[in-house]
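Enquirer: fold the following, please.
(chains A, B and C)
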Amino acid sequence: MAVGTLEAERRGTRPANLRVDWWWLQPAITFVVLLGFVVYSTWTVFTPHDFYAGPSVGRHYLSPYYSPCITNRCKGGTTWNLVSWWPFSAGILMMPFPILFRATCYYYRKAYYRSFWLSPPACAVPDAHGSYTGESRFPLILQNLHRFAFYLIIPFPIILLWEAIKGLEFGSGHWGLGLGSIILFVNAFLLGFYTLGCHAGRHICGGHLNAFSKGPVRYWVWKQMTRFNLHHMGWAWTSLVFVAWTDIYIRLVASGVIHDPRLF
Amino acid sequence: MSDQVTMKVWRGDTDGGGFHEFAVEAREGEVVLDVIHRIQATQANDLAVRWNCKAGKCGSCSAEINGLPRLMCMTRMSTFEPGQPITVAPMKTFPVMKDLVTDVSFNFEMAKRIPAFSPRPPDADGKRRMAQRDVERSQEFRKCIECFLCQNVCHVIRDHEENKQHFAGPRFLMRITELEMHPLDTGDRIPLAREELGIPYCNITKCCTEVCPEHIHITDNALIPLKERVVDHYFDPIVWLGRKIRRKG
Amino acid sequence: MADIERHGYDVVVVGAGGAGLRAAIEAHASGARTAIVCKSLLGKAHTVMAEGGIAAAMGNVWSEDNWKVHFRDTMRGGKMLNNWRMAQLHAQEAPARVLELEEWGALFDRTKEGLISQRDFGGHRYARLAHVGDRTGLEMIRTLQQRAVSLGIDVFMECQVHRLIRDEDRVAGALAYWRESGRFVLFRTKAVILATGGIGKAFQVTSNSWEYTGDGHSLALWSGADLIDMEFVQFHPTGMVWPPSVRGILVTESVRGDGGVLRNSEGRRFMFDYIPEVFASETADTEAEADRWYDDHINNRRPPELLPRDEVARAINSEVKAGRGTEHGGVFLDIASRRSADYIRRRLPSMYHQFKELADVDITAAPFEIGPTCHYVMGGVKVDADTAASTIPGLYAAGEVAGGMHGSNRLGGNSLGDLLVFGRRAGMAAAEYAAGLGAEPNVEEAEVDQLIRRALEPFERSGGENPYSLQYELQDTMHNLVGIIRTRSELEQAIEAVGKLRERARNVTVEGHRQFNPGWHLALDLESLLTVSEAVARCALLREESRGGHTRDDFPKTDPEWAKVNNTVRKKGDEVNIEQVPLPEMPDELKTLFEEPAK
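Expert: Here you go, the predicted structure:
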């Protein structure tokens, strides 16, 4: 027969969360890493020195946070002196683009809705908020503009790639390859892969079709973007961590703390 | 080979209830549904549970096992830590009828609100032609076995009862995407999806995808594309302009 | 007059699988006030389990295919015991039914030309199964369900029809109960369409779900309608046997087609010991030749593992009975030692996942246990081919519950077509019958009251038996004595055992109250399980030959005399009476189709 201890007699006594696994671990990690990234990024764009490992250390590496360089306060492969009147850190100028793209990104939305807003913190764990309207009202309705952030971010991986190529120049006419160049290339590709997996981009480039056979080229593009989209989360994290790492590396080289090893 | 396990099964009805503990045998290779059936056959003949195929194909035996929405027939006993009690509760989002059986009529009501497939006329020879690549996206959504685990886990209605009026849930928003992507369909359900069935309420936290026993990419392939189609329709001046020009051209 | 919920309809369809939904759609379209009454939630019926496809001679892949070829394949598969007119209608109309599904939103796999793709299957001359991967049944039921919902047809879900009610000899209503509340509901209706599926739950090992308790067969028989050929039960040779949670679930024939072999516990490839005379000339007799066949079909003969289903099932059965079975009463199906893991995963993805996810068994790593599983009943309600009408006015039957279409053995892919073709015909005919019926039939209230009282008796008794143990005993009896191989003594034993179980069933007790009480539901289902079990056993005892889904150890050959008759079951008072009724005569122009040699 049933051992039959009736734990809770009447309604409302069922615990709201019955999960027994470490459901809080993932949101906690997300919280720590994202917060850490925000703090570090804020510091780095407001610390406008050592973001360029220049001729003094025999290199041409520009931190991705400061790229492209469009003020007269920075240097790099992609230096266009467009806003010479800009009085503040050049990093602040470039910051909005990746912020807009990542903040409205479908993947990051999941990540911060879960880990920061706790809505919900994990599956089948109660929402921390009493009422909920999702993305149906201001300000979250603006998330619908993600595709415009996608349009704006498209030049960036290309600029970063160009910057990395420029970094191969070790003084006038001499070419070489340092560890820093490899880091710059990897960073450019990671941002590129993350961008190529964009859900909005995937829709615009082909997903909007109902019959793929009516647009074979768009279908091909959609298929390729789908491959990146499958790992959008992975590219989102690796590109995020790597951009900070790239910045750290360049700062260390620029400030002379470490020497950038030349590979050949 | 068999073990004694402790199952904490929620029992009760519309008036309320609670967890009952059963000490029951679990044999090698069994799934949670087998053990529930053993309780039913030997200790509680009137224990209510829904099930049909017991092969993960019909989507009847949805429940929350140790708090996670799962199919009981697809959850092997060997996946649990020995010695620990296993809780089995009915789906939280739907009103309990009795024990593990819930009133899922919300889903059938929502299904009625979606306008049916409306095909364009067939080809001149009376046949209909579609390339395999044109049907593959919707075919993925048609793998759905209507277990309603996605509906159950979605916090929009799980934690906010009032949203049941204007949020159809992942299963039926996916159904709209399926019809919208159907190469022969002529309907336009985008205004419905936005204004009455609640796609803007989705905050893409992906729990629907996580619990789907058919491994359908509900969020990435159905809900987000639906959101993007809503953007096309309401928020994108470029698409709007393009449509205007094409209509004139 | 009982104070219960009441509804009035022209047509009540019992069951919401492929046949029931298709029937309801047609009845509704024909203007009848139609209701669907089903045991489970809408969309959960057993049709979802169908994998292969819908056999229909559309000629999308082979333009040579046409209804005549399909008709001939069906008749040959059924060992000529089929109702020829049903087989003909089925072959003629299946293509239109498939196209209709597409019209309602079904998304079949496509050919290169963009048409519905068709695949090969056992017994079909040409590739003709319209399919969606290996989930055709799901696609079909979802399409029909969505169609029915969009038409606004009334659906009574989790509502079980308990008894049919007649006015004189014709149908007048159906008494049902809500599974949720246990309350009764009376449907006054002019016509009833039975679409309740099969009887698999009378057997211990089955690929069928709990719903398959022979409800429609019993409702028909109790109402005075005839059943035919109940002895023909299809056992699929390869079902999963271990672990217990998956016992009976199908293992597709392709595992053997792609190189899998059967071994007993001694490791012997035993099928070589079971090659019957008639297949000797086309079956390899050495392992070397059998193994060469996979690469060279021309110069080698087929491995004996690919003999017809009944032969393989019989061989497995003999090995197990001789003590050479596996620990859990099956034999080994071994593909792991013969093909690379990559090859297996590529060729048999769904099988690989089925074992991996349901059983935690890796079929690429080691041999796994399989054994025969009860799959389908060919016998059923005797119907008129064109209208699906039973022998009782106002009572119709379509799908697995109807008999005749498949003769003594069903071909794969013919069941889904059957549901659509005869579901539609039943819906049409029932609506027409209802429209032509003048006055509403009368329901005798006293009868309703009495039926309700009887149905509630298990609650009032105490100290009786548990319905679950009775069901288990019945399944055990049927499995051991009326299974794949039958003999007179065992069948007689079974009939006696079923009789005793019936006595005990009158005394079952259930705990708790009427609200969603599976114990009580089973107590009521036991009546139909016992009814169909007895019918199967009695028909099997009478048919002294082996044919299709009926194998007699004591009469191992087909008998030309038995090729001419259907066993016809009818209720006489409390007794079940079986007589042999001649098959309908096939017209000469169809007979000529069988004269030319098979190509």
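Enquirer: pull out the buried positions in the helix or strand of chain A with the lowest mean pLDDT.
Expert: Here the helix or strand of chain A ranked lowest by mean pLDDT, DSSP states H and E is helix A:90-94, holding a mean of 87. By 16 or more other C-beta atoms under 10 Å in any protein chain shown, the buried positions in helix A:90-94 come out as A:90-91, A:93-94. From N, CA and C alone the C-beta is placed, and that goes for glycine too.
Enquirer: any residues touching it, and which ones?
Expert: A:44-48, A:51, A:63, A:65-71, A:73-74, A:83, A:86 (C-beta atoms under 8 Å, 6 or more residues apart in numbering or on different chains).
Enquirer: does chain B sit close to the helix or strand following that helix?
Expert: Moving toward the C-terminus from helix A:90-94, the next helix or strand (DSSP states H and E) is helix A:96-103. No: judged by C-beta under 8 Å from any C-beta of the partner chain, helix A:96-103 and chain B are separated, with a smallest distance of 13.7 Å.
Enquirer: check which helices and strands the following helix or strand past helix A:96-103 sits against.
Expert: Counting by DSSP H and E, the next helix or strand C-terminal to helix A:96-103 is helix A:106-115. Secondary-structure packing of helix A:106-115 (3 or more C-beta pairs under 8 Å, 6 or more residues apart in numbering or on different chains; DSSP states H and E): helix A:25-45, helix A:232-254.
Enquirer: how far out from the middle of the chain is the helix or strand just after the first one?
Expert: To tie it back to what came earlier, the one meant is helix A:25-45. Downstream of helix A:25-45, the next assigned helix or strand under DSSP H and E is strand A:52-53. When distances are taken as C-alpha atoms, centre = their mean, to the nearest Å, strand A:52-53 is centred 22 Å away from the chain's centroid.
Enquirer: kindly tell me how buried residue 66 is, as a neighbour count.
Expert: All of this refers to chain A. If you count neighbours by other C-beta atoms under 10 Å in any protein chain shown, A:Tyr66 ends up with 29.
Enquirer: that's the wrong chain, I wanted chain C
Expert: 16.
Enquirer: what does C:Pro587 give?
Expert: 11.
Enquirer: from chain B, how far off is the residue nearest to it when sequence neighbours are not counted?
Expert: Distance criterion C-beta to C-beta, 6 or more residues apart in numbering or on different chains; nearest residue to C:Pro587, sequence neighbours excluded, is C:Trp84 at 8.0 Å. Remark: distance between C:Trp84 and chain B (C-beta to the nearest C-beta, to the nearest Å) = 29 Å.
Enquirer: count of neighbours near the residue of chain C found nearest chain B?
Expert: Residue nearest to chain B within chain C: C:Pro243 (2.0 Å; C-beta to the nearest C-beta). For C:Pro243, the neighbour count with other C-beta under 10 Å is 22.
Enquirer: B:Glu28 is in contact with that one, correct?
Expert: Yes: the criterion here is C-beta atoms under 8 Å, and C:Pro243 meets it with B:Glu28 at 6.0 Å.
Enquirer: quick check: domain ranges of chain C?
Expert: C:1-232+C:378-594, C:235-373 (automatic domain parsing).
Enquirer: among the ones you listed, which is nearest A:Leu142?
Expert: Of all those, it is domain C:1-232+C:378-594 that lies closest to A:Leu142, at 35.6 Å by C-beta to C-beta.
Enquirer: dump stretch C:2-19 to CSV, restricted to CA.
Expert: The C-alpha coordinates for stretch C:2-19 follow below in CSV (Å, rounded to 0.1, in the frame of the first residue of the first chain):
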residue,chain,number,x,y,z
ALA,C,2,-32.2,9.5,-16.1
ASP,C,3,-31.0,13.0,-15.4
ILE,C,4,-28.0,13.1,-17.7
GLU,C,5,-26.5,15.2,-20.4
ARG,C,6,-28.2,14.8,-23.8
HIS,C,7,-27.3,15.7,-27.4
GLY,C,8,-29.0,15.2,-30.7
TYR,C,9,-27.1,14.5,-34.0
ASP,C,10,-27.7,13.0,-37.3
VAL,C,11,-24.3,11.2,-37.3
VAL,C,12,-22.1,10.3,-34.4
VAL,C,13,-18.6,9.1,-35.2
VAL,C,14,-17.0,7.0,-32.6
GLY,C,15,-13.2,7.4,-32.7
ALA,C,16,-11.0,10.3,-34.0
GLY,C,17,-8.2,8.5,-35.8
GLY,C,18,-7.8,8.8,-39.6
ALA,C,19,-11.1,7.0,-40.4
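Enquirer: that one: how far from the chain's middle?
Expert: Here stretch C:2-19 is found 23 Å from its chain centre; the criterion is C-alpha atoms, centre = their mean.
Enquirer: check contacts around the residue in chain C positioned nearest to chain A.
Expert: Using C-beta to the nearest C-beta, C:Gly114 is the residue of chain C that sits closest to chain A, at 8.2 Å. Residues near C:Gly114 by C-beta under 8 Å, 6+ apart: B:129-131.
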